[in-house]
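**Student:** okay, predicted coordinates and the sequence, questions at the end:
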Amino acid sequence: MGMYEDVFRASLEDPERFWLRAAEGVDWEVAPSRALDPSAAPFYRWFPDGRLNVCFNAVDRHVEAGRGEQAALIYDSPVTGTRRTYTYARLRDEVAAFAGALTGLGVGHGDRVVIYMPMVPEAAVAMLACARIGAVHSVVFGGFAPPELAVRIDDATPKVVVSASCGIEGKRVIPYKPLLDRAVELAGHKPYKQVILQRPQERAELGPDDLDWADLVAGASPAACVPVAATDPLYILYTSGTTGKPKGVVRDSGGCAVALHWSMAAVYDIGPGETMFTGSDVGWVVGHSYIVYGPLLAGATTVLYEGKPVGTPDAGQFWRVVAEHGVKTMFTAPTAFRAIRKEDPKGTLTAEYDLSGLRYLFLAGERLDPETYHWAAALLDIPVIDHWWQTETGWPIVANPVGIEAAPVKPGSPTRPLPGWDVRVLDPAGQPVEAGVDGAIVVKLPLPPGSLPTLWNDDDRYVASYLSAYDGYYLTGDSGHIDEDGYVYVMGRTDDVINVAGHRLSTGSMEEALAAHPDVAECAVIGVADALKGQVPRGFVVLKAGTGRDPKEVEAELVRLVRERIGAVASLKEVAVVAALPKTRSGKILRKTMRGIADGHDEPIPSTVDDPSVIETLRPLLRRPDHRA
């Protein structure tokens, strides 16, 4: 592909040529004659005259190329004790059959299908089946509360909902059907039918509008691929943690296929026949991009894992998956590795598995603290690659592209912008800042293929949320800086920059200091309203398993550590050792929720929370009145 600087420069100086060349990696019904249509700016459209089918590119073309017996998807479920391999030929047949079942229910081009399922192969089958017939899928994380599912049903107005009888969270079996029934009851829009996959762990009682997956597929005729416009939506994915009307991020078919196919080789160094394991969920963007579409578009083998990094049954499960399935590239969230580190601080469980085939570990989802980076790098002795992107962007903005040229790592930075992404840092007045100075991280328009062209049925909100703060730029909502070598440092959301007595301070920098303590597994720092200083920081840490230290002693050490590393101006005088931090199901720490509770607001528990009891346990500690204005 050439060296990074050459590829990056080419992508910005001549994006038309760059992306048309990238589009050659995709099979088209009608190949695009141009890459970008700027006529409707800021609603840019990529490959406007191209036609393709994403399912054909992800499945059928590999069968037609003679690789039908290659493993496409490996289902690994320690919570059920199940291992199952789907070849490309088998996956094509199952997708075509379910696509035919959807067609029989009247689902066609442009219709929406909500998918509310656990981490089972049928979730990927349902996604690909929608793509096969030109329908638009919207995956909602399995187990979401009924009100949140209801607002997504009302926004997407699906013709059909596809679900399962239950999901499994650790050792708990969670019945989905009552949740779905309640959501449909609450929703103003009523789907025509619900298709239910019956699982043996808990079968569901079906009602008059419910159809059994197995029975429906048994009577269906396989459906062929339906070519669609490159600008037609492939899916809608709602941003996590939204209240009221959710933001439905739209992903277009052509841009998504081209960008993900290009990224597999360029960023992750994965090609046909190689195996990628992404420890996420199909309910999140990571699962869409790098469990389902990305690896399959590349003709690779993808691992779909139903379980947790720890507790199902131990902190060695990721290592087992890597060893058993010959994983070359692994991708998960930093919080997963902090959980593994907490349970197995010395990484002794790695000795039980052959990890010699693992070449890369990619981490994303929230900031990778240097301590977790160093721990993982020393344990695995392979490149550990932080990278940064968002639900809205669909694929990485900043990364170390090992398929192009691996750059030296700087702990704390996800490295440099990828080709196609013109990343800048601006001050509040919209002016560029000097190297090393924090500001708002933005991307110069147009965004590259694969990023959101708009929000579902809400162009105005798209402009207001992302494009109005700085003319000509996409607002990422993250703050940070770019150093003299072009390395990007993402320090946190812009609302995680606090103002202490007139000093703007990054809570991310304070978290970095806390994480450096040898007894700390993970941490969070929030800014709390203060009558004297405006805001003051408060720290919360979880200790590694088996530490055996007096928490008060550790807390005092941590306060001193921040003072030494950042200075007295940080005013971090209080750190609390807690049993757990509240997180979303994707592993992001709920700092905004913690801050709201600490400031005395009646903060609602987000629908994305993994374990609501953690927030309730922390609430009395957060609501201590001594720091509130």
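**Tutor:** Nice, I can see it.
**Student:** give me the contact list for stretch 331-342.
**Tutor:** 268, 276-280, 286, 290, 308-310, 315, 318, 347, 361-369, 372, 375-376, 386, 521-522, 542-545, 583, 586-589 (CB atoms under 8 Å, 6 or more residues apart in numbering). From N, CA and C alone the C-beta is placed, and that goes for glycine too.
**Student:** how far is stretch 79-88 from where the chain is centred?
**Tutor:** Relative to its chain's centre, stretch 79-88 lies at 23 Å (CA atoms, centre = their mean, to the nearest Å).
**Student:** got the CA coordinates for it in PDB?
**Tutor:** This file holds the C-alpha atoms of stretch 79-88, laid out as PDB (Å, rounded to 0.1, in the frame of the first residue of the first chain):
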ATOM      1  CA  VAL A  79     -22.000 -19.700  28.800                       C
ATOM      2  CA  THR A  80     -23.800 -22.500  26.900                       C
ATOM      3  CA  GLY A  81     -20.800 -24.700  26.200                       C
ATOM      4  CA  THR A  82     -21.400 -24.400  22.500                       C
ATOM      5  CA  ARG A  83     -18.900 -24.200  19.600                       C
ATOM      6  CA  ARG A  84     -20.200 -24.100  16.000                       C
ATOM      7  CA  THR A  85     -18.400 -23.200  12.700                       C
ATOM      8  CA  TYR A  86     -20.200 -21.800   9.700                       C
ATOM      9  CA  THR A  87     -18.500 -22.100   6.400                       C
ATOM     10  CA  TYR A  88     -19.100 -19.400   3.800                       C
END
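**Student:** buried ones in it, by neighbour count?
**Tutor:** Val79, Tyr86, Thr87, Tyr88 (16 or more other CB atoms under 10 Å).
**Student:** tell me which of these fall in helices.
**Tutor:** Using DSSP state H to define helices, the subset of the buried residues of stretch 79-88 located there is Tyr88.
**Student:** looking at the buried residues of stretch 79-88, which is nearest Leu52?
**Tutor:** Lowest distance from Leu52 to these (CB to CB) belongs to Tyr88, with 18.2 Å.
**Student:** that closest one and Phe56: what is the separation?
**Tutor:** Remark: distance between Tyr88 and Phe56 (CB to CB, to the nearest Å) = 12 Å.
**Student:** Throw the buried residues of stretch 79-88 into CSV and include pLDDT, thanks.
**Tutor:** Shown next, in CSV, are these (pLDDT from 0 to 100):
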residue, pLDDT
Val79, 96
Tyr86, 98
Thr87, 98
Tyr88, 98
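**Student:** turn the buried residues of stretch 79-88 into a markdown table, columns for distance to Gly106.
**Tutor:** As requested, these are exported to a markdown table (distance: CB to CB, whole Å):
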| residue | distance to Gly106 |
| --- | --- |
| Val79 | 35 |
| Tyr86 | 27 |
| Thr87 | 31 |
| Tyr88 | 29 |
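**Student:** among the buried residues of stretch 79-88, which one lies nearest to Gly508?
**Tutor:** Closest to Gly508, out of all of the buried residues of stretch 79-88 and judged by CB to CB, is Val79, at 33.9 Å.
**Student:** list the contacts of the closest one.
**Tutor:** So Val79 contacts Ile168, Gly170, Lys171, Glu306, Gly307, Thr312 (CB under 8 Å, 6+ apart).
**Student:** how many neighbours does the last one have?
**Tutor:** With neighbours defined by other CB atoms under 10 Å, the count for Thr312 comes to 18.
**Student:** so the closest residue to Ala58 other than its chain neighbours is in which element?
**Tutor:** Nearest-residue entry for Ala58: Leu296, 3.9 Å, with adjacent residues in sequence omitted and distances by CB to CB, 6 or more residues apart in numbering. Assigned by DSSP states H and E, Leu296 belongs to helix 294-297.
**Student:** export only the CA atoms of that helix, formatted as CSV.
**Tutor:** Presented in CSV, the C-alpha positions along helix 294-297 are these (Å, rounded to 0.1, in the frame of the first residue of the first chain):
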residue,chain,number,x,y,z
GLY,A,294,-15.6,-6.0,8.1
PRO,A,295,-14.2,-9.6,8.5
LEU,A,296,-16.7,-11.1,6.1
LEU,A,297,-16.2,-8.4,3.4
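**Student:** now the element after that helix, going C-ward?
**Tutor:** Downstream of helix 294-297 (by DSSP H and E), the next one is strand 301-305.
**Student:** paired strands for that next one, with orientation please.
**Tutor:** Here strand 301-305 has these sheet partners by DSSP bridges: strand 71-77 (parallel), strand 275-278 (parallel).
**Student:** turn those strands into TSV, including mean pLDDT, mean neighbour count and distance to Pro38.
**Tutor:** Output for the strands paired with strand 301-305, formatted as TSV (pLDDT from 0 to 100; neighbours: other CB atoms under 10 Å; distance: least, CB to CB, whole Å):
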stretch	mean pLDDT	mean neighbour count	distance to Pro38
strand 71-77	98	22	37
strand 275-278	98	24	33
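**Student:** picking that back up, as CSV, the contacts of Val79 with secondary structure, distance to Lys193 and pLDDT would be great.
**Tutor:** Rendered in CSV, the data for those read as follows (DSSP: H, G, I helix; E, B strand; the rest coil; distance: CB to CB, whole Å; pLDDT from 0 to 100):
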residue, secondary structure, distance to Lys193, pLDDT
Ile168, strand, 25, 94
Gly170, coil, 31, 81
Lys171, coil, 32, 84
Glu306, coil, 26, 97
Gly307, coil, 31, 95
Thr312, coil, 33, 92
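**Student:** ok, which pair from those residues is furthest apart?
**Tutor:** Between any two of the contacts of Val79 (CB to CB), the greatest distance is 13.0 Å, for Lys171 and Glu306.
**Student:** pull the helix or strand with minimum mean pLDDT from the protein.
**Tutor:** strand 503-506 (a mean of 65; mean pLDDT, DSSP states H and E).
**Student:** which residue ranges form the helices in the stretch 251-400 of the chain?
**Tutor:** 253-266, 285-287, 294-297, 317-325, 334-343, 370-380 (DSSP state H, counting those that start in this stretch).
**Student:** pLDDT on the longest one, on average?
**Tutor:** Okay, so that is helix 253-266. Taken as a whole, helix 253-266 has a mean pLDDT of 98.
**Student:** mind giving me the packing neighbours of that helix?
**Tutor:** helix 15-22, strand 45-46, strand 51-52, helix 54-55, strand 228-229, strand 233-238, helix 294-297 (3 or more CB pairs under 8 Å, 6 or more residues apart in numbering; DSSP states H and E).
**Student:** which one of these lies nearest to His601?
**Tutor:** strand 233-238 (23.8 Å).
**Student:** how far off centre is the closest one?
**Tutor:** 14 Å.
**Student:** now the angle between helix 253-266 and that strand, please.
**Tutor:** In terms of direction (axes from the mean of the first three to the mean of the last three CA atoms, to 10 degrees), strand 233-238 departs from helix 253-266 by 80 degrees.
**Student:** which residues are contacting strand 233-238?
**Tutor:** 54, 112, 127, 130-131, 136-140, 152, 155-156, 246-253, 256-257, 285, 288, 391, 456.
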